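Colleague: structure of the sequence below:
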Amino acid sequence: MRYHIRRQDKEIKDPEKLKKILLETDYVTLALVKDGEPYLVSLSHAYDEEENCIYFHSASEGKKLDYMRASPVVWGQALLDHGYHKGQCSHLYASVMFKGKIEFIEDLETKRHVFRAMVNQIEPEPESIMDRMINSEGIPSTAVGRIRIDYMSGKKSAEVSL
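Modeller: Take a look at the predicted model:
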């Protein structure tokens, strides 16, 4: 069952605006579950518009990977927080909620592609560190994941334009 947004004046319906939020936000937060126990984790990421997926990287073992492997279906949120609107009792924001499935990437060239995408999205001057990042000896042992997005919805405060 899909729920509707009660305040339809705040709903973001344009897919391009939803994608813009995923491209502009610094982090996404994922809701994971393992054995009925919830866990939240925030990750730096890269959003691939053509594939409609989110890429991320991680150490090759740990709690978040245990949760991801136990149940690869995740819900996530990307938030652009523009702060509190003083004197208006309002918070300025735009957010995207998404559902998807995590898969892990093993191919070294695809991992390098992901690192390029991440550096280009989050680094103001990507050229300065690109060679060092994509040729790092640590890439083969780094866990790299892809979240294939099945569903997205968005919401924003009325004062925020995208």
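Colleague: make it CA atoms for all contacts and neighbour counts henceforth
Modeller: Noted.
Colleague: and the longest strand for this structure?
Modeller: strand 90-105 (DSSP state E).
Colleague: tell me which helix or strand the residue nearest to the spatial centre of the chain sits in.
Modeller: Note on the chain: the residue nearest the mean C-alpha position is Val28, at 3.8 Å, using CA atoms, centre = their mean. Assessed by DSSP states H and E, Val28 sits inside strand 27-34.
Colleague: now do that strand: which elements does it pack against?
Modeller: Applying 3 or more CA pairs under 8 Å, 6 or more residues apart in numbering; DSSP states H and E, we find strand 27-34 packed against strand 37-44, helix 63-70, strand 73-85.
Colleague: for the next helix or strand after the longest strand of the chain, buried residues please.
Modeller: Counting by DSSP H and E, the next helix or strand C-terminal to strand 90-105 is helix 108-122. In terms of neighbour count (16 or more other CA atoms under 10 Å), helix 108-122 has its buried residues at Lys111, Arg112, Val114, Phe115, Arg116, Ala117, Met118, Val119, Gln121, Ile122.
Colleague: any idea how far the second one lies from Pro140?
Modeller: Counting by CA to CA, to the nearest Å, the separation of Arg112 from Pro140 is 9 Å.
Colleague: again with the fifth one
Modeller: Summarising the geometry, the distance separating Arg116 from Pro140, computed by CA to CA, is 15 Å.
Colleague: other SSEs contacting the host helix or strand of Tyr151?
Modeller: Per DSSP H and E: Tyr151 is located in strand 143-156. Applying 3+ CA pairs under 8 Å, 6+ apart, one finds that strand 143-156 contacts strand 11-12, helix 15-24, strand 53-58, strand 90-105.
Colleague: buried set for that strand?
Modeller: Buried residues in strand 143-156 (16+ other CA under 10 Å): Ala143, Val144, Gly145, Arg146, Ile147, Arg148, Ile149, Met152, Ser153, Gly154, Lys155, Lys156.
Colleague: could I get those as a markdown table with pLDDT?
Modeller: Rendered in a markdown table, the data for the buried residues of strand 143-156 read as follows (pLDDT from 0 to 100):
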| residue | pLDDT |
| --- | --- |
| Ala143 | 91 |
| Val144 | 92 |
| Gly145 | 95 |
| Arg146 | 96 |
| Ile147 | 97 |
| Arg148 | 97 |
| Ile149 | 97 |
| Met152 | 95 |
| Ser153 | 93 |
| Gly154 | 91 |
| Lys155 | 88 |
| Lys156 | 83 |
